[in-house]
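A.B. asks: build me a structure from this.
(8 chains)
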There are 8 protein chains.
Amino acid sequence: MNKSEIIKLLQNVQTGKTDVETALKRLKHMPFEDMSYAHIDHHRHLRHGMPEVIYCEGKTLEQVVGIMKRMLRVGSDVLATRANETIYKAVRKLDRRAVYHKASRAIVIKHDENKPTKGVVLVLTAGTSDIPIAEEASVTAGMLGSTVQTVFDVGVAGIHRILSKRDILDAARVIVVVAGMDGALPSVVGGLVDKPVIAVPTSVGYGAGFQGLAPLLTMLNSCASGIAVMNIDNGFGAGVLAHKINVLGER
Amino acid sequence: MNKSEIIKLLQNVQTGKTDVETALKRLKHMPFEDMSYAHIDHHRHLRHGMPEVIYCEGKTLEQVVGIMKRMLRVGSDVLATRANETIYKAVRKLDRRAVYHKASRAIVIKHDENKPTKGVVLVLTAGTSDIPIAEEASVTAGMLGSTVQTVFDVGVAGIHRILSKRDILDAARVIVVVAGMDGALPSVVGGLVDKPVIAVPTSVGYGAGFQGLAPLLTMLNSCASGIAVMNIDNGFGAGVLAHKINVLGER
Amino acid sequence: MNKSEIIKLLQNVQTGKTDVETALKRLKHMPFEDMSYAHIDHHRHLRHGMPEVIYCEGKTLEQVVGIMKRMLRVGSDVLATRANETIYKAVRKLDRRAVYHKASRAIVIKHDENKPTKGVVLVLTAGTSDIPIAEEASVTAGMLGSTVQTVFDVGVAGIHRILSKRDILDAARVIVVVAGMDGALPSVVGGLVDKPVIAVPTSVGYGAGFQGLAPLLTMLNSCASGIAVMNIDNGFGAGVLAHKINVLGER
Amino acid sequence: MNKSEIIKLLQNVQTGKTDVETALKRLKHMPFEDMSYAHIDHHRHLRHGMPEVIYCEGKTLEQVVGIMKRMLRVGSDVLATRANETIYKAVRKLDRRAVYHKASRAIVIKHDENKPTKGVVLVLTAGTSDIPIAEEASVTAGMLGSTVQTVFDVGVAGIHRILSKRDILDAARVIVVVAGMDGALPSVVGGLVDKPVIAVPTSVGYGAGFQGLAPLLTMLNSCASGIAVMNIDNGFGAGVLAHKINVLGER
Amino acid sequence: MNKSEIIKLLQNVQTGKTDVETALKRLKHMPFEDMSYAHIDHHRHLRHGMPEVIYCEGKTLEQVVGIMKRMLRVGSDVLATRANETIYKAVRKLDRRAVYHKASRAIVIKHDENKPTKGVVLVLTAGTSDIPIAEEASVTAGMLGSTVQTVFDVGVAGIHRILSKRDILDAARVIVVVAGMDGALPSVVGGLVDKPVIAVPTSVGYGAGFQGLAPLLTMLNSCASGIAVMNIDNGFGAGVLAHKINVLGER
Amino acid sequence: MNKSEIIKLLQNVQTGKTDVETALKRLKHMPFEDMSYAHIDHHRHLRHGMPEVIYCEGKTLEQVVGIMKRMLRVGSDVLATRANETIYKAVRKLDRRAVYHKASRAIVIKHDENKPTKGVVLVLTAGTSDIPIAEEASVTAGMLGSTVQTVFDVGVAGIHRILSKRDILDAARVIVVVAGMDGALPSVVGGLVDKPVIAVPTSVGYGAGFQGLAPLLTMLNSCASGIAVMNIDNGFGAGVLAHKINVLGER
Amino acid sequence: MNKSEIIKLLQNVQTGKTDVETALKRLKHMPFEDMSYAHIDHHRHLRHGMPEVIYCEGKTLEQVVGIMKRMLRVGSDVLATRANETIYKAVRKLDRRAVYHKASRAIVIKHDENKPTKGVVLVLTAGTSDIPIAEEASVTAGMLGSTVQTVFDVGVAGIHRILSKRDILDAARVIVVVAGMDGALPSVVGGLVDKPVIAVPTSVGYGAGFQGLAPLLTMLNSCASGIAVMNIDNGFGAGVLAHKINVLGER
Amino acid sequence: MNKSEIIKLLQNVQTGKTDVETALKRLKHMPFEDMSYAHIDHHRHLRHGMPEVIYCEGKTLEQVVGIMKRMLRVGSDVLATRANETIYKAVRKLDRRAVYHKASRAIVIKHDENKPTKGVVLVLTAGTSDIPIAEEASVTAGMLGSTVQTVFDVGVAGIHRILSKRDILDAARVIVVVAGMDGALPSVVGGLVDKPVIAVPTSVGYGAGFQGLAPLLTMLNSCASGIAVMNIDNGFGAGVLAHKINVLGER
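C.D. replies: Got it, this is the predicted structure:
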């Protein structure tokens, strides 16, 4: 039952065509948000503040393209994560505006450039190998409208590196810290600033790193208070959360 | 080397008492923030936006009381978490303003009431047994200055319960969701709102709940984008993060 | 917004007091099932086919008693699991019909005896130490209305024991198998019958049993097809599921 | 010793050819069900209510084909799971009725169409990537004789999606819920209905999803009572259990 | 159906009282070993070569005593493991021959002294803290009839200790090696001898020993070929296996 | 220092060429077994009762061939496990007697056929997919001199299968049980016989089987007493242990 | 066979009382270090550079006292770790010089004060709750002869704290870093210095700290190269290693 | 702000161009070590005693080559670990002195041969398959300036092998022990010597070795005191630590 159907129902109650008892019954399980297929994404945007995102792994090329077509048809911006080059080529045929961020394997299609936020989302990495996940966070937050700045390879084993970036840390509104191996950087950053810090463990490392379990546990147990932790390699989630926090300061 | 010592050094350079080479060497490892003992907490407050907090487990009564004395002497507000009644009794002797939050085992001493924030930190729980952790989050955020609202026992097995709280969800600026067992509530809440959601897994449950591992993994893998996850039973951390996010909207 | 409020709203639309636009807005987030506090449990019974159950661990005595009072006031049957003797004593003061099942630590208050089902829920254990969990399943299914039969200590290390119970296996409609240590019994039972088998791992055992992890994994990997697995020590859940399946055959 | 051999033995006792002592000894370990090779599958069908199923992984092509030949020779229906295209091609040569369900990698050969059940097995998925496992459940239950309905991509992050399917939920007799990532959907569904719910965790997800461990734990710890949990990616088992439960209602 | 019932049935076939068809049916599910309650233990002894053993943990005092009474009534020897002093006191009242092995918490009641085996079961420990588990193995094997020798505290960190015991190693028929912490002793012993080695990990240690997981994994991965591994702290199982192997050499 | 050197040293003491003090010092760290390179394998055979075995994984082709050459030069029998076809081809060039057991990926070179043991090593599998590991056990025990019998696909989900093999079980001296998935077969077999049972978990299965962890834990926690457990997929170790036990009965 | 026995044997060879063949045989398994009970500890001291240490957990009071008596009798220094007050009281009766280090639960008996090393072992902790483990390291290294310095509560969340200690870091020869929770401090320290760093994870923390697993993994995955990691809470081991390294610089 | 800038600032204070207040402010966050890009590595060498090392996994070829170019430009020695042949070919074009250690996949470029240390770093392996990790340790320590000796395949299952190497053990200053499977060798070696022992677990093994977890836990729980443990397969780290310890003895 979509919006116009509800309006119709209410008009029928108004004009007496439908009695209250019957209307009550019909409204009972009202799948309100599911009014019609074409409105889904728009509604989601209002509810979530962001468009539907396509996580490409585990989906066939046909499924990815099909979902994207529908999204473009309703004028939605599009973000596809974990997309390989094959998917990108298919997407390019749908829409020439599609941009492929190779390092982060993300595809972005934007209809209009939004005015960037005044507040800055700062994305840090501990090492060079963490950059792909950091780029995923960066592309995501940027696509949602945030101004993003990145600083890479400032891990704690050379503590002077992050200490030398204090001005940049001070200038940001929210900080995403991406780290594999020991995952110690968020604890240091969290101790240096008074703003929200989002920690993303990566699967960078080997042996007892257990594909990111080690930095994940480090971050969950951070001795700096109030670090927000994301799933391993979840740069996308970090980008979303960073943007949600960032826009609070814009208002 | 504290501030006055640095000023002295610079004055000695100015007056020629110390040559540049020597000054350079002394400044090299300048522990700037460690100027003097009494300033530590004040400095931390500036840097973090919050006072030092005492995590009582693993500390002797003497250590807890000793740290607290020093904090009170410099006029700092005090938050002690995981404190038992014995500690509370000792603290009460130090300062009659001390308030003991029994459910969350937190002790708070505030010098002045700060004006509460306009933005609301909403703290939800999935079940009744999650309340102590929720209270820890609530006491922490409140003590830091946030206006806090709590709604308990709205887990997903009775989905109508959380759905009936939409107005409250809409009115909050940031939401803390505390859940044990399946830890599913943050995913539902994260899908209903466009604001930052902080998820706290609790050790509530048994068997394959593995003392909170199950809800922790649920939350890290949430299908709702951008959920901030905390350590198991870390209500304190959630309160800190929630407050840090909340104040961004105050400015 | 409860039922009468919705009727009122619809009547207002009918009489023109409220226009369609306004009604639409109010109905949008209609928390239909949450009509009023006193109806919750009744509603739940309709929806779930069973009364609300109180899991006592992690709840204070006050909370348990408070919830129970409310349930009794609306005429609901009551099941409280993981209840100790202290709780039972408090409950007995509320209602003299309260029965305490010591082995399973369950409290039951029933208003009327329901006619037992024709179909039988059979509860088996591998060993003597698994009996408390089996009793929890048994009490739960029985309290919900199922006829229950129990056979204990028929583990696979003496395979003749379960083989000698074939008639009993054949006579049941659904079988709950409770086993710790190697958790192998459900695989054997699942291979002997064509009816639903529910497996409950217990924390019985030591060392590499890891508090029930070993039998849990055994059951999840059963070479008998279609075994339903429950959480470790979750006799209650097994009782609920067994009853739900059992009543399908009654209709 | 097969059936005719036992009859012969008994006749020999009858006629005095074999004395009681000797007969006793021979009967002692009577492998009754193992009468002859050709009868195995028929017997299994009587005992289990379902034909032998071939799990193809870890078996050579020769083994799969050999087993299948024997099954077809005795007129058994055939279900082969986790079968790749190579196996399918070989099977097609054996029997032209073979149908390959590509998404679920299942091969089905049915001799006769059985009359579908009145009761409906409803198979839900949380996401698009969970569909292959859902299809395995669906093909299995269908092949065994159940009427199956599927609804995909109704995960809890957009809770309105599952809420809008209440009529479908109400119409089903047993519900299979397939979910990866946070695995939260079964808890919500389990709270909405009074019928058996079977939860299948999938290995969909990444990082701390640990190849399906996260949704598995979620489901085992579901706050909805009595959820039946299957092994990770075990759509086949869910189909078998769903059918076994479904037919109880047919009688 | 017990033995005399089967003889009767066969006699009835012999005399024509029962026809073949009927006899066939009755024999089909013949629970042969379950002839009558009093015969169970005797039968088990024939089948297993050892009496039933009572694992006391998780059993009530009443259950332990009840089982023991029945065993004594049929003249069975008795072994009760993980028994505390309370149980021992109750057992002493049943039978004055009961012996309590305090270190291993085992109770033994033997009717006759069996002639000890010529072959020796050698039980080694790596450290002093492993002695209780070694004693459990020792008591068990001894109670079953094996000659047992023990050598304690010969762990690999002082490799000369085990090397100085070569004569003892050479004289044994089967060797049980009990070790916690690094669990390395079985690998060294396994490389020194050509006889079966049984390794028992203990929960001795701390931290990353994870209650015996570390030595368990060490032993499963031993670079010495063919080490038999038991569950953590399972001295009883080691004693049983050692005896079973030992008696092979007696024949 | 090899044997002749020691003799020489002692003769020098005898003749006074070397004084006691000096001899003492030289003897202190006497690496007795390491007399010369060519004797290593022979010594090992005496000590272990079996030739050195080459585990091929992680070794280069050159290393495998090099070790084998040395072994053949001293007349040792050869067993190479986890060998692929490439290795086999290289080995065939060294020695035409080399036999490749494809299913188990083992290469065997025997100089003489040893007289097979009277005692039988019985190797069972629960399923068809467990056969390669069973073959590794079988080839190993056979190569060492044991008479081996195999019975495959007698898992517990069709319990009649193993029950029908009682005569074969009774005839064996030691039994190896190979099982993946639930790993339940050893518990049943262990309860049926009074002889040593060796359990080998396999990595057969999926999901919560965790590459063999599930059957490993099942076997370690077997309710049948005294099961010897091997590492996951360690058919080789099982073959070695079975042979060592088997020969005890030959003497 | 002890030293004098060997000398005797050699003299017998010298004088012709024993022939070479016989002497060879006797020397073959020469348990050299096991000459006589009283020499064990002295020998160990020569071999290890440290006296035997008594780990008290899992040992009875009688065992601890017995071992200690023997050690004192031969003039050995004594270190007993994880000792409670009861043990200390018993030890004090043996030797009035016994010192109990309460925080670390260590008992030390030294016969002479050794001249402290010039090189300094620096022991750091991240937090106040890590102090007991740091004290264990400190007491151990000190008892072995090292000069020890301690600095507590310099965790990375207040990075200025460790940065302000650079002079102390520079002055040490080897650094022990004790940290629980996120275990990040060793990475920072390891990046600041060019000397060996020994990291000790502690079980301080909660939830996903998993009793020290989190900092253990952090330290094993440290992005600073060459950190030596110890078992969780193993302050003793750290003290031993630190001392062994420290004395290298003394020579 | 680099060194010359600081000197300039101090000169400006000296000459009065800059007042003390302003200088204080500028110096506050002095990123001393980050003076200019080209000086980083030189500084690191001073601080760490070793050049920057490139861990190649997770880095693109461009990144590896880019970093290496910069390092060569400033005259730094280069060590690249986990480098494949493709990387080596690219590096050879940069600098013909590049040496590729195939077994350990390490690339080394040295400008001058340093005088080797008198102290020896001894690198042992338990098996042949552990050699690549041992080579990584060996190449690393050697490249840093240590004299290195290697002894391979002396695992504990043939304990005489390591016992025969006592002279070599005695001659070394620090010992690296590399072992997979049961990881028992370091415990034996640690008991034989009084010098620092560094243990490196490898991922060699299968099944319950869990990619190196088993030997890692063995080593962390070693009954020999004070073993330094490295991450799984971390030969590089072992080489660094061994060298750092080794040079202490040179001074």
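A.B. asks: can you give me the helices for the stretch 151-251 of chain A?
C.D. replies: For the stretch 151-251 of chain A, the helices defined by DSSP state H, counting those that start in this stretch cover A:160-163, A:166-171, A:185-192, A:213-220, A:235-250.
A.B. asks: may I see those arranged in JSON lines, with distance to chain B, mean neighbour count and mean pLDDT as well?
C.D. replies: In this view, the C-beta of every residue, glycine as well, is placed from N, C-alpha and C. Below are the helices of the stretch 151-251 of chain A laid out as JSON lines (distance: least, Cβ to the nearest Cβ, whole Å; neighbours: other Cβ atoms under 10 Å in any protein chain shown; pLDDT from 0 to 100):
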{"stretch": "helix A:160-163", "distance to chain B": "10", "mean neighbour count": "22", "mean pLDDT": "87"}
{"stretch": "helix A:166-171", "distance to chain B": "10", "mean neighbour count": "14", "mean pLDDT": "91"}
{"stretch": "helix A:185-192", "distance to chain B": "7", "mean neighbour count": "29", "mean pLDDT": "95"}
{"stretch": "helix A:213-220", "distance to chain B": "4", "mean neighbour count": "31", "mean pLDDT": "97"}
{"stretch": "helix A:235-250", "distance to chain B": "3", "mean neighbour count": "26", "mean pLDDT": "96"}
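A.B. asks: alongside chain D, which residues does the stretch 151-251 of chain A contribute?
C.D. replies: A:201, A:203, A:211, A:212, A:213, A:216, A:231, A:232, A:233, A:234 (Cβ under 8 Å from any Cβ of the partner chain).
A.B. asks: again, only this time at 10 Å
C.D. replies: Residues of the stretch 151-251 of chain A found near chain D (Cβ under 10 Å from any Cβ of the partner chain) are A:200-203, A:210-213, A:216-217, A:220, A:229-234.
A.B. asks: thinking again about what came up before, among the helices of the stretch 151-251 of chain A, which is nearest residue D:58?
C.D. replies: helix A:213-220 (28.1 Å; Cβ to Cβ).
A.B. asks: low-confidence bits of the stretch 51-200 of chain A, can you list those?
C.D. replies: Scanning the stretch 51-200 of chain A for pLDDT under 70 picks out the ranges A:51.
A.B. asks: filter the residues of the stretch 151-251 of chain A next to chain D down to just the ones in strands.
C.D. replies: Judged by DSSP state E, these include A:200, A:201, A:229 as members of strands.
A.B. asks: ok, the first one to residue A:113 distance?
C.D. replies: For residue A:200, the distance to residue A:113 equals 26 Å [Cβ to Cβ, to the nearest Å].
A.B. asks: before we move on, what about residue A:90?
C.D. replies: For residue A:90, the distance to residue A:113 - Cβ to Cβ - is 25 Å.
A.B. asks: the helix or strand containing residue A:134 vs chain G: in contact?
C.D. replies: Using DSSP states H and E, residue A:134 sits within helix A:131-144. No - judged by Cβ under 10 Å from any Cβ, helix A:131-144 and chain G are separated, with a smallest distance of 15.0 Å.
A.B. asks: which of residue A:90 and residue A:113 has more residues huddled nearby?
C.D. replies: Between residue A:90 and residue A:113, counted using other Cβ atoms under 10 Å in any protein chain shown, the more crowded position is residue A:90 (17 against 7).
A.B. asks: give the contact list for that one.
C.D. replies: A:61, A:62, A:64, A:65, A:68, A:83, A:98, A:107 (Cβ atoms under 10 Å, 6 or more residues apart in numbering or on different chains).
A.B. asks: check which element follows the strand or helix carrying it along the chain.
C.D. replies: Residue A:90 belongs to helix A:85-94 when assigned by DSSP H and E. Counting by DSSP H and E, the element after helix A:85-94 in chain order, helix or strand, is strand A:99-101.
A.B. asks: tell me which residue in chain A sits closest to chain F.
C.D. replies: residue A:210 (13.5 Å; Cβ to the nearest Cβ).
A.B. asks: which pLDDT value goes with that residue?
C.D. replies: Listed pLDDT for residue A:210 reads 94.
A.B. asks: now do the contacts for it.
C.D. replies: Residue A:210 touches A:203, A:216, A:217, A:232, D:210, G:217, G:220, G:221, H:210, H:211, H:213, H:232, counting by Cβ under 10 Å, 6+ apart.
A.B. asks: show me which of those residues is closest to residue F:54.
C.D. replies: For these, the nearest to residue F:54 is residue H:211 (21.9 Å; Cβ to Cβ).
A.B. asks: give me the nearest residue to the closest one, chain neighbours excluded.
C.D. replies: What sits nearest to residue H:211 in space, not counting adjacent residues and going by Cβ to Cβ, 6 or more residues apart in numbering or on different chains, is residue H:203, at 4.6 Å.
A.B. asks: check whether the helix holding residue A:134 comes near chain H.
C.D. replies: Yes - Helix A:131-144 lies within reach of chain H by Cβ under 10 Å from any Cβ, at A:131, A:132.
A.B. asks: ok, back up a step: can you put the helices of the stretch 151-251 of chain A in TSV and add distance to chain E?
C.D. replies: TSV is the format used below for the helices of the stretch 151-251 of chain A (distance: least, Cβ to the nearest Cβ, whole Å):
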stretch	distance to chain E
helix A:160-163	30
helix A:166-171	35
helix A:185-192	22
helix A:213-220	14
helix A:235-250	31
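A.B. asks: so which of these is nearest residue F:20?
C.D. replies: helix A:213-220 (57.5 Å).
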